[in-house]
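> Need a 3D model of the sequence below.
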Amino acid sequence: MTLIYLVIFWFFLKTSRCQLQCVQETFDDTEFSINVTEHIQLESSSCHEIPYKLTFLTNNVTAPYEVIWFEGDPANTVAVAVISEVESETQDSFEIYGLPQGEYEYGLKLEWGCNQTYIFPKRVHISVSELTQKPDIWVPHMVEGEDVTITCIAERLCYGEEGIHWKWTKADGVTTVIHDDDHFSFHWRNTNALHLSPTADDHNSNLTCVVEHTHDVVETTVTLNVQYSPKILNSSECRTEGKLLVCTCISQGNPLPPITWPLDTLTDYSVSSFSSIQTVTSTIILPAADYHNATVKCSSSNEVGLSAIEIPVPNGTENLRLDPGVDLNHEYDAVFPWIIVGVSLSLNLVLLTTLIICIRKGRKSSPKELCEEMNTYASLNVADVEQPYGNISLSNQRK
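Next up is the predicted model:
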C-alpha cells in the first residue's frame, strides 16, 4: 500500500515540475533586437531577399530554437528556420517570392523550450506595385521574300516559368494570335523565336510579344519595317487636256522609289512629284504635238529593285498634231451655234414685222390678199439658213 502512494506522489511531482517549466516567461525588449529594413518597394511577381541580424542574450534562449517569419498575425507562419546552436548574434535572410500588387506586413518571432516565445515588435512593410519589366524584341533587317527570325526575350521572375505568345496586327486592324513557335529557356530568361517570310503587306504592321507571369501580363510592341522593290500601280495613265499631254505615274515601295521619265528627246516639259508614306506620284506635262510615240515609259527604283511600265498615249493626240497652231474643229463647234441663233432671231423679227403690217393693211385689203401674204411668210423654213435674204418678195408693200 505504501508503495502505491509513493508512485502516485512521484508522478505528481514530475507533472508539477513540467508545468512549471512550460510557463511562458516575459522578456525585456532591451534584451532582444533585430536589424532589418522596415520599408521595401517591390514590383509585382518579382523576388527579393530581406537580410536581417538578430541579437539577444544567450541565457534567455535554449537550443534548438526556431526563427519564424509571419505575415500580419503571428499565427500566420510563412517561413521557419531551425537553429541548433545559440549565439548572441545571428545573421540570415528572408526571401519574398513574387507577390501581387498590394501592401504587406511581415514580422519575426523566436520559439524554444517549452512554450517559450518572443515576438520582435519591429515590422517589415512591403509595397508591391505594377510590374514594369517588359520583354525585349530583337528584329533583324527585313526584306520582302527573305526569311527572318524575330526573337522575344523575357527575364525570369522568381524562377517561374513564363508563358510567351505573339499578337500580329495587320494594317487592316485584324489581329492574329500566334502561340509558341520555338520556345526555349535559360536559367535567367525565357526566349521565343518567331520565323517569318515578310511581304510588302506586312510593312508597318505591329508585332507584339506577350509575357504572362504569375500575377502580371506584360507586353512589348514593335512596328515592322519591310523593304520591298517598287510596284507601279495600274492607276498610272496618260490623258489629254486641250493641247497638252498629261501623264501620271504612281509607284509604291520601301524605301521610297523615285520616278524617272524618258526626257532625252524632249525640250518643252514640266515634271512634278510628291510622296505620301510609301507612295510616290509623278506627273509630266508636255505639248501633245511634240510627242509622237504611242506609249510613255515610267521607271521607278530603290535599293531593293527596279520597276518600269509603258503607259499608252490616247489616240486623240494625233488630231492635235495635224495643225498645232489652229484648232478648226474646236472653233467651228464654238461658233456654229451662235450663227443658228442669230439667223433664227432675224427671221422671227421679219415675220413679226410682216404680221403687224398685214394686220394694219387687212383693214383695207380683201381677206384673200391677206391670206396670200400670210402663206408667203409662213412658208419660210428656219433650216434654210443658207438661202439669200434677197429671195423674199415684198411686192405687196410697193403697191
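> so what's S44 closest to, chain neighbours aside?
Excluding the flanking residues, the one nearest S44 by Cβ to Cβ, 6 or more residues apart in numbering is L131, at 4.5 Å. In short, each C-beta sits where N, CA and C put it, glycine included.
> what residues are up against the one you found?
By Cβ atoms under 8 Å, 6 or more residues apart in numbering, the residues touching L131 are 43-46, 157, 213, 215-216, 218.
> same question, V211
Counted by Cβ under 8 Å, 6+ apart, V211 has contacts 134-135, 152, 154, 162-164, 190, 217-219.
> How about E303?
Contacts of E303 by Cβ under 8 Å, 6+ apart are 227, 255.
> 7 Å instead?
E303 makes contacts with P255, as judged by Cβ atoms under 7 Å, 6 or more residues apart in numbering.
> Tell me which helix or strand it sits in.
Under DSSP states H and E, no helix or strand contains E303.
> per-residue pLDDT, it?
Looking at E303, its pLDDT stands at 94.
> cool, and the one 3 residues further on?
According to the predicted model, the pLDDT of L306 comes to 95.
> Give the helix, strand or coil label for the residue nearest to S44.
coil (DSSP: H, G, I helix; E, B strand; the rest coil).
> try I357
At I357 the chain is in helix, as set by three-state DSSP.
> What is the burial count for the residue lying closest to I50 once chain neighbours are set aside?
Nearest residue to I50, sequence neighbours excluded (Cβ to Cβ, 6+ apart): F94, at 4.5 Å. Per other Cβ atoms under 10 Å, the neighbour tally for F94 reads 18.
> And for H292?
11.
> about what we covered before: which entry within the contacts of V211 corresponds to the minimum pLDDT?
Least confident of the contacts of V211 in the model: E162, at 75.
> Write down the beta-bridge partners of A308, one by one.
Beta bridges link A308 to S299 when assigned by DSSP bridges.
> what's near enough to touch the closest residue to T175 other than its chain neighbours?
Distances taken as Cβ to Cβ, 6+ apart put T169 closest to T175, at 4.6 Å, once the chain neighbours are dropped. Residues near T169 by Cβ under 7 Å, 6+ apart: 175, 205-206.
> again, only using 8 Å
175-176, 205-208 are the contacts of T169 under Cβ under 8 Å, 6+ apart.
> buried subset of those residues?
205, 207-208 (16 or more other Cβ atoms under 10 Å).
> For these, give me CSV that also has secondary structure and pLDDT.
CSV is the format used below for these (DSSP: H, G, I helix; E, B strand; the rest coil; pLDDT from 0 to 100):
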residue, secondary structure, pLDDT
S205, coil, 95
L207, strand, 95
T208, strand, 96
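> of all those residues, which comes closest to Q24?
Closest approach between the buried ones among the contacts of T169 and Q24, by Cβ to Cβ: T208, at 58.8 Å.
> If the closest one is in a bridge, with which residues?
K167, T221.
> if I look at R123, how far off is T281?
For R123, the distance to T281 (Cβ to Cβ, to the nearest Å) stands at 70 Å.
> Tell me which of those two has more neighbours.
T281 (17 against 13).
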